[in-house]
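A.B. asks: Attaching a predicted model along with its sequence, questions to come.
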Amino acid sequence: MKKIIILSALILLTVAACIVYTPRGEDQGPYPYDRQAPGYSGDRDESYFYDTLAPFGSWVQMSAYGYVWVPRNMGYRWRPYMYGRWIWTDYGWTWISDDEWGWIPFHYGRWGWDDDIGWFWVPGTVWGPAWVFWRTSDLYFGWAPLPPGLDFDMRNGFRSRRYDIPDRFWIFVEGRDFFERDLYRRAIPFERNMTIIRSTVMNDRIVLRNSRVINEGIDPLVVRRLTGQTVERFSLRDARQAGPDQVSGSEVRIFRPNVRTGSASSPKEYLDSSEARTRLGEAKIFEPGRRASDADAMDTIRQRHTEEVQVLERSQTDEIRRLDQSFAERESRVRATERDKIRREHDTAVTELKTRHVQEKQAVTDRQKKDAEVVRSRAVRRK
């Protein structure tokens, strides 16, 4: 009897020790984002986004969307979902941002574009691994941030499947570059988007499964074929505090608090839309840090211009090569009497494609000249 009592006591002590030393919220996830994960101090409302993002940009009141956020100091021709990398997780394709504030606007809300202000973020309360749709071909991978109006709820998914994603929203890279760490240097200038959109297929597979938003996007087997790399699967865990997305070993940790809707709060400081167009318009071209000189600004612009042209020309060359290969394969499968027809079709297609290439390059050149003039004129105003 004494032995039984002693054994029972040892078992109870062992169980108690396990309870004491098990770190809550660390390795028990991943938790669905519609539930409170252990370690969080409570729900947030949209004012939490206002306060957290204020040091990194400007809040603007826009009649169509309410309060929107415009990031600052993003560099030349910044675009959402371009400075970072893609990884495959148990939530599908997940964006890992290079920015310390990236855990908010790349996992909540929607992005919009204004010709005067540039890119702006509209707050939202549903967490997702990446709010983007995809386009793919045997040469390109592309993704675009979802525009305002494409709402998603945790019961029915998208409230509407009617959407119109503007051409300029798309970011395209050649498939082999998909896993590169410097994606922003590999992104093809948006002046090529119309041509590439014609040759790619839309993929909008963002689904709700087991209380999770899953961005299935591109089939990992297709990614493996075009990149020549194994697609590693990562487990997503909840970070215990706000901060940059972190990848360690086979895990990625992202802070993803529950955010309440219906908040009547407003940012502590904000601009109206007309003031924002005056003060923020240049930021969509280049907004250097306070310590950057005008000479540094112009040098950066020239460097980015050169990089853009190099990427554009490489993609155009590869596109012609791929077209030649496609027609050569067709020609090899037909009878000799039909080959003249295939060759004529090939010549016509190449001529049309090269014409578009010339137009694209001219559009990039024209835009770069305008951007450079903005930087030069600002330098003159400061003197």
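C.D. replies: Received the coordinates, thanks.
A.B. asks: Averaged pLDDT, stretch 223-232. What do you get?
C.D. replies: Averaging pLDDT along stretch 223-232 yields 96.
A.B. asks: just stretch 188-198 next, same as before
C.D. replies: In this model, stretch 188-198 has an average pLDDT of 96.
A.B. asks: for stretch 146-159, same thing?
C.D. replies: In this model, stretch 146-159 carries a mean pLDDT of 88.
A.B. asks: residues making contact with it?
C.D. replies: Stretch 146-159 is contacted from outside by 34, 64-65, 110-112, 122, 124, 126, 128, 131-133, 160, 163-166, 169, 206-208, 211, 213, using C-beta atoms under 8 Å, 6 or more residues apart in numbering. C-beta: built from backbone N, CA, C; applies to glycine.
A.B. asks: Which parts of the protein are helices?
C.D. replies: Taking DSSP state H to define them, one finds helices in the chain at 2-21, 46-53, 183-186, 193-198, 220-227, 273-279, 294-332, 339-382.
A.B. asks: Out of those, the one nearest Ile96 is which?
C.D. replies: With C-beta to C-beta, the closest approach to Ile96 among these belongs to helix 183-186: 10.7 Å.
A.B. asks: Give me the contact list for that closest one.
C.D. replies: 82-85, 173-174, 177, 180, 307, 311.
A.B. asks: which of those residues count as buried?
C.D. replies: Listed as buried from these are 82-85, 173-174, 177, 307, 311; burial here means 16 or more other C-beta atoms under 10 Å.
A.B. asks: What does the pLDDT read for Ile19?
C.D. replies: Taking Ile19 on its own, its pLDDT is 34.
A.B. asks: One more: Ser263?
C.D. replies: According to the predicted model, the pLDDT of Ser263 comes to 61.
A.B. asks: Can you give the domain ranges for the chain?
C.D. replies: 46-284, 294-382 (automatic domain parsing).
A.B. asks: re the thing from before, next, format the buried ones among the contacts of helix 183-186 as a markdown table and append pLDDT and distance to Thr348.
C.D. replies: Output for the buried ones among the contacts of helix 183-186, formatted as a markdown table (pLDDT from 0 to 100; distance: C-beta to C-beta, whole Å):
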| residue | pLDDT | distance to Thr348 |
| --- | --- | --- |
| Met82 | 95 | 35 |
| Tyr83 | 93 | 40 |
| Gly84 | 95 | 41 |
| Arg85 | 96 | 39 |
| Val173 | 98 | 28 |
| Glu174 | 97 | 25 |
| Asp177 | 97 | 30 |
| Glu307 | 94 | 33 |
| Val311 | 97 | 27 |
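A.B. asks: Same list (the residues you listed) but as JSON lines, adding distance to Glu329.
C.D. replies: What follows is the buried ones among the contacts of helix 183-186, written out as JSON lines (distance: C-beta to C-beta, whole Å):
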{"residue": "Met82", "distance to Glu329": "34"}
{"residue": "Tyr83", "distance to Glu329": "38"}
{"residue": "Gly84", "distance to Glu329": "36"}
{"residue": "Arg85", "distance to Glu329": "33"}
{"residue": "Val173", "distance to Glu329": "24"}
{"residue": "Glu174", "distance to Glu329": "20"}
{"residue": "Asp177", "distance to Glu329": "24"}
{"residue": "Glu307", "distance to Glu329": "33"}
{"residue": "Val311", "distance to Glu329": "27"}
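A.B. asks: Torsion angles phi and psi at Asn156?
C.D. replies: As for Asn156, its main-chain torsions (degrees, to the nearest 10) stand at phi -120, psi 0.
A.B. asks: What's the separation between it and Trp134?
C.D. replies: 22 Å (C-beta to C-beta, to the nearest Å).
A.B. asks: Find the centremost residue of this structure, please.
C.D. replies: With distances taken as C-alpha atoms, centre = their mean, the residue of the chain nearest its centroid is Tyr81 (2.1 Å).
A.B. asks: I figured that one hits Phe172, correct?
C.D. replies: No. Using C-beta atoms under 8 Å, Tyr81 is not in contact with Phe172, being 12.0 Å away.
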